[in-house]
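Asker: here is a sequence together with a model predicted from it:
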Amino acid sequence: TFSWESRQDALGMEANALHGVEIWNGSTQTGQGGHVKDWVDWLLGGRLLYAYSGSDTHDQAYNFGCNNVIVEGAFDSVNLQQAIRAGAVFVSNGPSLIIETDLGGATLPMGSLHTLPSPIPPATTTVRVYYDFGAGSGTVSVFRGVVGDAAESALLVSSTLSGSGFVEVFDSLETSATSWYRAYAENTAGSQSAYTNPVFFVESSGGTFSYCTAKVSSRGCVPTISGVGTPSMSSSSPFFINANQVHNNQFGILVYAYAPNFKTFMGGTLCLGIPLKRVTAVATGGNGTGQDCSGLLSYDFNTWIASGKDKGLAAGLTLYSQWWYRDGQDAFGAGLTDGLQFIIQP
């Protein structure tokens, strides 16, 4: 025999298991009860799950709450599938509804998951919701959820809104656990509604990992930071802090700090706290001619540890690093990677 209690045993993306759940099956649905409540309860219990809809219309056609997908680039099957899997979806039988969240100098799209450093630094968020009721009117609500809480908090329940526009609400980033923002819209007649997928902020589990958001360069590239090897006070093996997708034939500077941050800086986000410590300048290399993003920045941080230039470095200390590089066509003249958190080993 086989049995499975789905409400209790189901796991989400946090366990590389379920990707999402169905919250709408049928025609009219409003409010936060039923399958929507089941989904939210899973989120509060620590599951990372997207919300989708299903019709079960069979031979009867009606205007059910369908999956509305935000596709970037060409409208083809590959980009469509990627958008659905990335949670760039709102479920609706009428209103359009899209949520995004500003953190530091970055705007984070609906469905995105953002791993946070540890400890999570205090930061202000701006939650922005775009709505479109067409020729009608309705209300928009914004919810914040925190893993471990008994219920979500309603940050905003708007007055009656007509046509299209956006609403904003300002909040403080949750620093104790994984959290999210999502939005809900309902028309005045109570016959149509829409549910966004959340913007997730995911508590980290330690180790070496990237966090924060890189600045898009003037050439349209998104640089990516990574760590290869083990940071160590005594090892002769290297620990490289790398950055890919940076401009060729420029230079970059590796900086680090003893604390993380999300601060608007030079048109992007400074992922490090103050004071900043500068390591060294490195040439990006890449293709010898032309202007592209074939450059690579790399530095063995274990050589910096061994140099003894920073007397505060010690085994067990958590550090946060980021690359700055030259971007001559940028309004600020600079590019920024995302951040890298790592722990120095003995």
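Answerer: Happy to help now that I have it.
Asker: any weak-confidence spans in the stretch 1-150 of the chain?
Answerer: Applying pLDDT under 70 to the stretch 1-150 of the chain picks out residues 1-6, 55-63.
Asker: any chance you could map the strands in it?
Answerer: With DSSP state E, counting those that start in this stretch as the criterion, the stretch 1-150 of the chain has strands at 20-25, 50-54, 66-69, 89-92, 96-103, 106-109, 113-115, 124-146.
Asker: touching stretch 170-182 from outside, list them.
Answerer: Applying CB atoms under 8 Å, 6 or more residues apart in numbering, the contact partners of stretch 170-182 are 43, 46, 48, 99, 101, 103, 119-127, 142-148, 155, 195-203, 262. (C-beta placed from N, C-alpha, C; glycine too.)
Asker: recalculate using a threshold of 7 Å.
Answerer: Applying CB atoms under 7 Å, 6 or more residues apart in numbering, the contact partners of stretch 170-182 are 43, 46, 99, 101, 103, 120, 122-127, 142-148, 155, 196-203.
Asker: equivalent analysis for stretch 145-164, please.
Answerer: 40, 43-44, 46, 127, 131-133, 137-144, 167, 169, 171, 174, 177-180, 188.
Asker: narrow the contacts of stretch 170-182 to just the buried residues.
Answerer: With burial judged by 16 or more other CB atoms under 10 Å, the buried subset of those is 43, 99, 101, 103, 120, 123, 125, 127, 142-147, 196-203.
Asker: gap between the two ends of stretch 81-100?
Answerer: 20 Å (CA to CA, to the nearest Å).
Asker: off-centre distance for that stretch?
Answerer: For stretch 81-100, the separation from the chain centroid amounts to 15 Å (computed by CA atoms, centre = their mean, to the nearest Å).
Asker: if we can go back for a sec, most tightly surrounded among the strands of the stretch 1-150 of the chain?
Answerer: With neighbours taken as mean count of other CB atoms under 10 Å, the strands of the stretch 1-150 of the chain reach their highest mean count in strand 89-92, at a mean of 24.
Asker: parallel or antiparallel, list what pairs with that strand.
Answerer: strand 66-69 (antiparallel), strand 193-196 (antiparallel) (DSSP bridges).
Asker: any chance of these in TSV, with distance to Phe209 too?
Answerer: Shown next, in TSV, are the strands paired with strand 89-92 (distance: least, CB to CB, whole Å):
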stretch	distance to Phe209
strand 66-69	29
strand 193-196	27
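Asker: chain center to stretch 288-308, what's the gap?
Answerer: 26 Å.
Asker: report the central residue of the chain.
Answerer: In the chain, the centroid-proximal residue (CA atoms, centre = their mean) is His114; its distance is 3.2 Å.
Asker: what residues are bridge-paired with that one?
Answerer: Under the criterion used (DSSP bridges), His114 bridges to Phe201.
Asker: go on, Leu156?
Answerer: Val142.
Asker: burial count for it?
Answerer: 17 (other CB atoms under 10 Å).
Asker: what about Ser298, distance to Gln322?
Answerer: Distance, Ser298 to Gln322, by CB to CB, to the nearest Å: 14 Å.
Asker: Ala150 now?
Answerer: 37 Å.
Asker: these two: which is more packed in?
Answerer: Higher neighbour count among Ala150 and Gln322: Gln322, with 29 against 6, using other CB under 10 Å.
Asker: the more buried one is in what secondary structure piece?
Answerer: Assigned by DSSP states H and E, Gln322 belongs to strand 318-326.
Asker: can you name every helix or strand that that strand contacts?
Answerer: With contacts defined as 3 or more CB pairs under 7 Å, 6 or more residues apart in numbering; DSSP states H and E, strand 318-326 has these neighbours: strand 239-246, strand 251-257, strand 268-272, strand 334-336, strand 339-343.
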